[in-house]
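Asks: show me how the following folds:
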Amino acid sequence: MTSRSVWLAFAALAGACATPRTEPRPQAVVVAPLAESARLEPASIDAGSDAADATSDDESNAGAEPPELPLIPPAPSKRPALDGSAAVVWIPDVQAVRGFRSVFLEEVGGLAREVRDRKEPVVVGKNELWVIRTRKLASLACSQCELCANQPPTCKVNDPVTLEVPYLQSLKSKRKLEPWKGRYSPRAGCSASVAEHDTTLQIDGAVGPVLFTTVNGWDQYCGGMHPVFWSEAVEFDVDAAANAKLTFPVEPLAALREHAKAEMTEECVLDPKEEPADYRITAAYAPNGELEGVFGFTKGAPYMCGTGPGHYSLLVEKRSEWIPKELERWGKLPAWVTQFLAKNAASHAFVIPAARARAARREFFR
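Replies: Coordinates of the predicted model:
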């Protein structure tokens, strides 16, 4: 499970425990251990019996302390605060497009003054502001799946499906960028035995010009017990107009893996001895204005327990003061932005230098 693009076929183990599903992203079922109060008491044994002093392995280990986890080494010393007279802050909002409302701020007397907001995430590059737009892509879903089982298949009738393909557009120049090119593709319907399907974009955050996203897709094949799911994490740098490559810091990595491993329920992994795989890095600001890394680790899991990418993995994210070296220049917010974040339960902010503030404001108003 080391690939960030997870394409998954039906697994015999998963299929055996799954029930038919047609809706996207079904809720995974995790079997948790019984609480101590819910455990069955052992049957009473005569005091004279040799078995009276015997206890099961489970009982003898019930009070055992969990293994001690390694300490995560401290991150480097405090970083200097960014300098700027304006900022854009993303505020979580379920009614906004893609889950974030963007607010343009100006610093006045050491405090943040709200100028205007947009009901969508605005990505802040060095010289341009960017927004996500979509275009339509025609696809086909087979509506005669029962006939696809014939030999030879006789299914022919398809229903039209429209996929929404996202791209980035500059508010300044209207220039377009294609971070998700190749991740969206039309299906061939009956000729490929594909019924319902979809591909969607999830916004996971951003730091500076680096946008964190996940492309999620699912395909219900004719005769399949449940959809085939896939996910791909895409980090994109709008300034470089290219995918961003973020590096796991070496110093805390082993300890972070062990902490993630401790949270991966053994009942829901395919191989308890499997070591967690490094999946992805994102980052977000803490309430004190310091940037923190969010490190994702995965393990293979059966379909019914798979809450991670593609539904055949477990995903555990560990937040840390460590950040990838590529994001160090955005390591700390100025106090006036930090105060606004804390009041609005936000964790994504973009500081704009004074020389760029007026032009950025004009773009934001477009």
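Asks: can I get stretch 199-218 as CSV, trimmed to CA atoms?
Replies: Written as CSV, here are the backbone C-alpha positions of stretch 199-218 (Å, rounded to 0.1, in the frame of the first residue of the first chain):
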residue,chain,number,x,y,z
THR,A,199,-15.3,11.0,-9.5
THR,A,200,-15.2,13.9,-7.1
LEU,A,201,-12.7,16.4,-5.8
GLN,A,202,-12.1,16.9,-2.0
ILE,A,203,-10.2,20.0,-0.7
ASP,A,204,-8.0,19.0,2.2
GLY,A,205,-6.3,22.4,2.8
ALA,A,206,-3.4,24.6,1.6
VAL,A,207,-0.2,26.2,2.8
GLY,A,208,1.2,29.1,0.8
PRO,A,209,0.8,28.2,-2.9
VAL,A,210,0.5,24.5,-2.2
LEU,A,211,-3.0,23.1,-2.5
PHE,A,212,-3.8,19.7,-0.8
THR,A,213,-6.6,17.7,-2.5
THR,A,214,-7.9,14.2,-2.9
VAL,A,215,-9.6,12.8,-6.0
ASN,A,216,-12.1,10.1,-5.0
GLY,A,217,-13.8,7.8,-7.4
TRP,A,218,-16.0,4.7,-7.5
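Asks: let the chain start at 135 from now.
Replies: With the count now opening at 135, the last piece we talked about shows up as stretch 333-352.
Asks: list the buried ones in that stretch?
Replies: 333, 335, 337-352 (16 or more other C-beta atoms under 10 Å). C-beta: built from backbone N, CA, C; applies to glycine.
Asks: repeat that for stretch 369-381.
Replies: Going by neighbour count (16+ other C-beta under 10 Å), the buried part of stretch 369-381 is Glu369, Phe370, Asp371, Val372, Ala378, Leu380.
Asks: farthest pair within the residues you listed?
Replies: Greatest spatial distance among the buried residues of stretch 369-381 (C-beta to C-beta): Val372 and Leu380, at 15.0 Å.
Asks: I'd like the buried residues of stretch 369-381 written out as TSV, with pLDDT and distance to Ala417 added.
Replies: Output for the buried residues of stretch 369-381, formatted as TSV (pLDDT from 0 to 100; distance: C-beta to C-beta, whole Å):
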residue	pLDDT	distance to Ala417
Glu369	98	10
Phe370	98	14
Asp371	98	13
Val372	98	16
Ala378	97	11
Leu380	97	8
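Asks: mind putting the residues you listed in TSV, distance to Val223 and secondary structure included?
Replies: What follows is the buried residues of stretch 369-381, written out as TSV (distance: C-beta to C-beta, whole Å; DSSP: H, G, I helix; E, B strand; the rest coil):
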residue	distance to Val223	secondary structure
Glu369	20	strand
Phe370	20	strand
Asp371	20	strand
Val372	17	coil
Ala378	21	coil
Leu380	22	coil
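Asks: so which of those comes closest to Tyr446?
Replies: Glu369 (22.4 Å).
Asks: for the helix or strand where Gln473 lies, give the mean pLDDT please.
Replies: If you go by DSSP states H and E, Gln473 is part of helix 469-478. For helix 469-478, the mean pLDDT works out to 97.
Asks: what comes up buried for that helix?
Replies: Trp470, Val471, Thr472, Gln473, Phe474, Leu475, Asn478.
Asks: same question for stretch 476-491.
Replies: Asn478, Ala480, Ser481, His482, Ala483, Phe484, Val485, Ile486, Arg490, Ala491.
Asks: pop out the phi and psi values for the second one.
Replies: Summarising the backbone geometry of Ala480 under the convention degrees, to the nearest 10, its torsions are phi -100, psi 160.
Asks: which ones are touching it?
Replies: Residues in contact with Ala480 (C-beta atoms under 8 Å, 6 or more residues apart in numbering) are Val223, Trp224, Ile225, Pro226, Tyr419, Phe474.
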